[in-house]
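Asker: Quick one: sequence plus predicted model below, questions after.
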Amino acid sequence: MDLLARREHSRIELRRKLAARGFPQPLVDAQLDVLETENLLSDQRFTEGFVAYRAARGQGPLKIRYELRERGVSDHLVTQFMDSDRQIWCDRALAVRRKRFGTEGPEDIRERSRQARFLAQRGFEQDHIRFALDCRETD
């Protein structure tokens with residue numbers, strides 16, 4: 001309960017933490033079942049909050065999907081809560097680029113490469129990056 005009081009966890013993530021603390025696996029699984037029954041543990045709630053928080057922090061869909069898979073969230077839940085609208089992710093990539101580098105687009109190929117690498121490290125897809133780099137202040 002102490003772990004859940006701090007923040008939401010996925011079932012797999014919580015199982016790993018409890019196993020690392022030395023709790024026997026059958027006891028951990030039984031307790032996690034009880035927590036899910038009481039709606040204190042929910043992969044759906046965890047995924048929804050995780051996606052919203054990471055997207056608001058300027059992370060792209062590739063990085064968010066990767067981190068959710070690391071935490072044991074099913075592909076079905078990831079697809080359910082990841083916004084599939086291409087334009088929304090393009091706009092987010094543009095906002096992240098403008099926040100970091102200003103409203104003017106890159107002037108030369110070196111600066112364009114630097115900004116593209118920054119966006120790629122944030123987890124944006126190539127078409128999102130292209131949109132963000134090609135968009136001018138009047139767009």
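Answerer: Happy to help now that I have it.

Asker: Just list the residues touching the residue nearest to residue 66 when sequence neighbours are not counted, thanks.
Answerer: In this structure, residue 66 finds its nearest non-sequential neighbour in residue 123, 7.3 Å apart by CB to CB, 6 or more residues apart in numbering. Quick note: C-beta positions are derived from backbone N, CA and C, even for glycine. The neighbours of residue 123, taking CB atoms under 8 Å, 6 or more residues apart in numbering as the test, are 59-64, 66.

Asker: 10 Å instead, please
Answerer: Counting by CB atoms under 10 Å, 6 or more residues apart in numbering, residue 123 makes contact with 54-55, 58-67, 89, 93.

Asker: ok, now which ones touch residue 101?
Answerer: Residue 101 touches 111, 114-115, 118-119, 132-133, counting by CB under 10 Å, 6+ apart.

Asker: in the chain, what secondary structure element scores lowest on mean pLDDT?
Answerer: Within the chain, confidence by mean pLDDT, DSSP states H and E is lowest for helix 2-6 among all helices and strands, at a mean of 76.

Asker: Quick check: what element follows that one along the chain?
Answerer: Per DSSP states H and E, the first helix or strand lying C-terminal to helix 2-6 is helix 11-20.

Asker: Quick test: name the residue nearest the centre of the protein.
Answerer: Closest residue to the average C-alpha location of the chain: residue 64 at 2.5 Å, with CA atoms, centre = their mean.
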